[in-house]
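# sequence first, then the predicted structure:
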Amino acid sequence: MKKFLMMAVGALFVFGALTSCEGENDASDSAYYQTSDSEILLPKTRGFVLCEGSWNGNNAHLTVFDYKTDTLVKEKLYNLQNKERPGDTGQDLFAYDRNLFMVLWGSSAIYRMNGAGVRKAYKLFTEDEGQPRYAVADNGYVYVTTYASKIYKLKANNFDKEGMITLSSRPEQVALSNGKLYVVQPGAGDNYVYDNKMTIIDVDDFTVDETVEVCYDPIKVFSTKNGAIFVIGYDVNYNAKIYRYYRDTKQVEEIGYGQNAAVNGNTVYIVSSETDYTTTPYKTINTFYTYDAGMKTTNIIPFISGYPSKLDSEIVYSIGYNNYTGGIYIGTTDYTTKGTVYCFDSDGKYKTSFSAGGLNPSKFVFMNE
């Protein structure tokens, strides 16, 4: 993974997923989610943390916690439920149609699991297909980007291939908004030639609408409730910045510094985690601010408060927003030991923290049933 190998902060933003799981019993009067194939009794109000692990370490992990109490339930949930490790480099995690989907870059795989983390289907990508990076789902299909400069349309239930588009350069993240897929293309690869493109694809007929220029080395893309499109990229000096893309005019507006973002309606929570890797130990300065996509305004007042002072200098690797509670979750890393998850209420007030269960917590997903 390009950013991971360079030890840059490559955290992902996340959206709370309003989903449940397959195979559950009628547990409407219970505080627990129940499936016949689960080895573990899980709360209905459960959150998942995907720990990326280390490159070539075969140590990706899936951690589950109860977001009602913000307490850890189980580390290594996938291992316990499936009697094996997930694989190498957990790249992406999302919920769709009562299931969890996990993308593993190093292991060239995508898994479909039920809401208890029990694997139900999987696909291994060939060398020609390319190692998978990120995915989104819509209307029974999963769309997966790969390092072979491709995006695949797969059936969500069994990963049968329904279509494929070859892009002009290597893609990274993909976002879905108003019937369109937005795929950012930083390029690079073995020749380290970086790109500045984003390809827009029509979901209904799976054809390219257009390819536009956004920013240098774009690696992340997401949208807000009102359909505003945002891109995060690294400039030539490796400074991470967030930009807004206006499709009607094809203009790109710089919002500010930031590697990580999460969305609450039209509010974007942004974290700028600037780390000096030339020092021992590393020195990091974190800045927390918001952007209102409706008003097109930036608020520099931090959106979290009351947290331990060490969070100001820890490397922030991810941020998640829980649509069920309004809670905010921040994952930190030092690249060598288990990460930490910091929990905040809907007002941004610090509540508690717990172990992420693995290296480099990169994605949060939330379920409630």
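Structure received.

# drop to CA atoms for contacts and neighbour counts, all remaining ones
OK.

# residue 331 contacts residue 356, doesn't it?
Yes - Residue 331 is within contact range of residue 356, at 7.4 Å (criterion: C-alpha atoms under 8 Å).

# any residues in contact with both of those two?
339-341 (C-alpha atoms under 8 Å, 6 or more residues apart in numbering).

# okay, now residue 179: neighbour count?
11 (other C-alpha atoms under 10 Å).

# I meant to write residue 251 there.
12.

# now residue 216
20.

# residues touching it, list them.
186, 194-196, 233-236.

# closest one to residue 247 out of the residues you listed, please.
Closest approach between the contacts of residue 216 and residue 247, by C-alpha to C-alpha: residue 196, at 15.6 Å.

# are we agreed that the closest one is in a strand?
Yes - assigned with DSSP: H, G, I helix; E, B strand; the rest coil, residue 196 falls within a strand.

# identify the residue spatially nearest to it, adjacent ones excluded.
What sits nearest to residue 196 in space, not counting adjacent residues and going by C-alpha to C-alpha, 6 or more residues apart in numbering, is residue 216, at 4.6 Å.

# drop anything exposed from the contacts of residue 216.
Among the contacts of residue 216, those scoring as buried are 186, 194-196, 233-234 (criterion: 16 or more other C-alpha atoms under 10 Å).

# dump those into JSON lines; add pLDDT and distance to residue 98 as well.
Output for the buried ones among the contacts of residue 216, formatted as JSON lines (pLDDT from 0 to 100; distance: C-alpha to C-alpha, whole Å):
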{"residue": "186", "pLDDT": "95", "distance to residue 98": "32"}
{"residue": "194", "pLDDT": "89", "distance to residue 98": "37"}
{"residue": "195", "pLDDT": "93", "distance to residue 98": "36"}
{"residue": "196", "pLDDT": "95", "distance to residue 98": "35"}
{"residue": "233", "pLDDT": "97", "distance to residue 98": "32"}
{"residue": "234", "pLDDT": "93", "distance to residue 98": "35"}
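
# let me see the contact set for the closest residue to residue 293 other than its chain neighbours.
Nearest residue to residue 293, sequence neighbours excluded (C-alpha to C-alpha, 6+ apart): residue 266, at 5.2 Å. By C-alpha under 8 Å, 6+ apart, the contact set of residue 266 is 224-226, 292-294.

# from the buried ones among the contacts of residue 216, pick the one nearest residue 109.
residue 186 (21.6 Å).

# and the helix or strand hosting the closest one, what does it pack against?
Here residue 186 sits within strand 180-187, counting by DSSP states H and E. Here strand 180-187 touches strand 174-177, strand 194-202, strand 218-223, going by 3 or more C-alpha pairs under 8 Å, 6 or more residues apart in numbering; DSSP states H and E.

# which residues touch the helix or strand just after the second one?
Later in the chain than strand 194-202, the nearest helix or strand by DSSP H and E is strand 207-213. Outside of strand 207-213, the residues that reach it under the criterion C-alpha under 8 Å, 6+ apart are 165, 196-202, 250.
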